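Chemist: Quick one, fold the following:
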Amino acid sequence: MKVEEHPFFKTFSPEEAQNLIKQITTREYQAGDVIFEEGAPSGGIYFILEGEILFTKRLNEYESQSLNTSGPGTFFGEVGAFTGEPRSAAAQAKTKVRLGHLNKEQLQQFIENTPKLVLTFFQSIINHLHGITGQYVKDMIEQEKLSVVGSMVQSLIEDFNTPFNVISLSAQMLACEVKNEKALHYCQSIEQQIDHMVKMANDISDYVQGQKALKIERFLLSELFGLFQELNPIPLEDENYDITINTEDTLIEGDKHKLLRAIQSLVYNATQALKKDRVSGEPRGHITITGKPDGNEVLITVEDNANGIPQKFRADFFKPFSGEGKENNIGLGPAIAKSMIEAHKGTIHFETETNKGTTLFVRIPQKQEYQAVS
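Modeler: The predicted structure is shown next:
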């Protein structure tokens, strides 16, 4: 929208509105750009003409809490313009945005000449508080759910620890006795699967507690995908779809288990979509997993030809519990995968199209910032 079309100016006479509009400058920001940081000096008011702004509050040195989002036709920054206090929260472009900006001095001068403007600002402040309260309640419910899941997983780990150890020990003893190569392979597979199950449970526990520690080692990308194939023989042989894996012998640094867990989660989502979307008579589904170097990064993609991510799940796809309501899915997989990838200083996003499919893109640095374990 144009500056003069912003609802804020509808409350004034044409002359008052025009006097204010001519003092406004427009600014454009790309998604992810910071408009201002928490604690920065208050420099005026912003009018959102296009796009969305995300407001966040620091929890500690490393984490921030999302407070609210605002879109076209709203404004922000008015509190600091009134009080002169530093910014109480950070503002970041959630999408590409275009803003109108009026500096503090010009705004204060206009307020002195137009007292009814104060009422407009108070209404805006109330709306912001409503939005922040709603987001706070939503986040508290989410944290409560995570806490319950974390407690359940921890209890399961403790309950299953003894039987898992017995099964693992039995497999080791059996491996020492058998001479058949196929039986030996099965014994080794049992141990691998038990170890993997325990690690998966611990991953959920770590995610709930916000722990992001990595056990860094050097390995070939092809080794990672080879391990994926070893641990997932059944999903790789399904009547609903084919899976193709293409990878290169690229040396990378990372936590092999956590990267494996992330890939498994993304592939699992693709397999579930294909099982749900395939109907009798349709062509088989197909999943293509690719890993290759791309500059100083490794690019991993998971592509399927299902019906695409439903519109209602897209915005919150990587948030906890976004898959609630889906069969056999509480919606933690993509959130945990994203957390693991970001712990590697990587990024993840998707492209999806209704009735055509989805591609997930993962990028991680080939070398981590900290010392790798050989």
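Chemist: can you list the domains in this structure?
Modeler: Recorded structural domains for the chain (assignment: automatic domain parsing) are 3-114, 144-209, 217-365.
Chemist: The residue lying closest to Ile309 once chain neighbours are set aside in helix, strand or coil?
Modeler: Closest residue to Ile309 apart from its sequence neighbours, by Cβ to Cβ, 6 or more residues apart in numbering: Thr352 at 4.4 Å. For glycine as for every other residue, the C-beta is placed from the backbone atoms N, C-alpha and C. Under DSSP: H, G, I helix; E, B strand; the rest coil, the three-state class of Thr352 is strand.
Chemist: Tell me what Thr352 is bridged to.
Modeler: Counting by DSSP bridges, Thr352 forms beta bridges with Thr358.
Chemist: Tell me how far it lies from Ala270.
Modeler: Thr352 sits 11 Å away from Ala270 when distances are taken as Cβ to Cβ, to the nearest Å.
Chemist: Quick check: the residue nearest to Ile309 touching Arg314?
Modeler: Yes: the pair Thr352 / Arg314 is scored as a contact, 6.8 Å apart, by Cβ atoms under 8 Å.
Chemist: Compare those two (neighbour count), which wins?
Modeler: Comparing Thr352 with Arg314 by other Cβ atoms under 10 Å, the one with more neighbours is Thr352, at 20 against 13.
Chemist: quick one on the thing from earlier: which residues are common contacts for Thr352 and Ala270?
Modeler: Counting by Cβ atoms under 8 Å, 6 or more residues apart in numbering, the contacts common to Thr352 and Ala270 are Thr358.
Chemist: ok, back up a step: mean pLDDT for the domains of the chain - can I get that in TSV?
Modeler: Converted to TSV, the domains of the chain look like this (pLDDT from 0 to 100):
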stretch	mean pLDDT
domain 3-114	83
domain 144-209	65
domain 217-365	82
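Chemist: Pull out the buried positions in stretch 5-17.
Modeler: Under the neighbour-count criterion of 16 or more other Cβ atoms under 10 Å, stretch 5-17 has His6, Phe8, Phe9, Phe12, Glu16, Ala17 buried.
Chemist: Doesn't the second one belong to a helix?
Modeler: Yes: using three-state DSSP, the secondary structure at Phe8 is a helix.
Chemist: how close does it get to Ile364?
Modeler: Where Ile364 is concerned, Phe8 sits at a distance of 44 Å (Cβ to Cβ).
Chemist: Let's verify Asn246: helix, strand, or coil?
Modeler: What three-state DSSP gives for Asn246 is strand.
Chemist: In this structure it contacts Ile287, no?
Modeler: No: counting by Cβ under 8 Å, Asn246 stays clear of Ile287, with 11.6 Å between them.
Chemist: Go ahead and list the helix or strand containing the closest residue to Leu49 other than its chain neighbours.
Modeler: Once flanking residues are discounted, Leu49 sits nearest to Arg98: 4.6 Å by Cβ to Cβ, 6+ apart. Taking DSSP states H and E as the criterion, Arg98 maps to strand 97-103.
Chemist: Downstream of that strand, the next helix or strand is which one?
Modeler: For strand 97-103, the following helix or strand on the C-terminal side (DSSP H and E) is helix 104-113.
Chemist: In CSV, list the C-alpha atoms belonging to that following helix.
Modeler: What follows is helix 104-113, C-alpha atoms only, in CSV (Å, rounded to 0.1, in the frame of the first residue of the first chain):
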residue,chain,number,x,y,z
LYS,A,104,10.8,11.0,17.1
GLU,A,105,11.2,14.8,16.9
GLN,A,106,8.7,15.2,14.1
LEU,A,107,6.3,12.8,15.8
GLN,A,108,6.4,14.7,19.1
GLN,A,109,5.9,18.0,17.4
PHE,A,110,2.8,16.6,15.6
ILE,A,111,1.5,15.2,18.9
GLU,A,112,1.7,18.7,20.5
ASN,A,113,-0.4,20.1,17.7
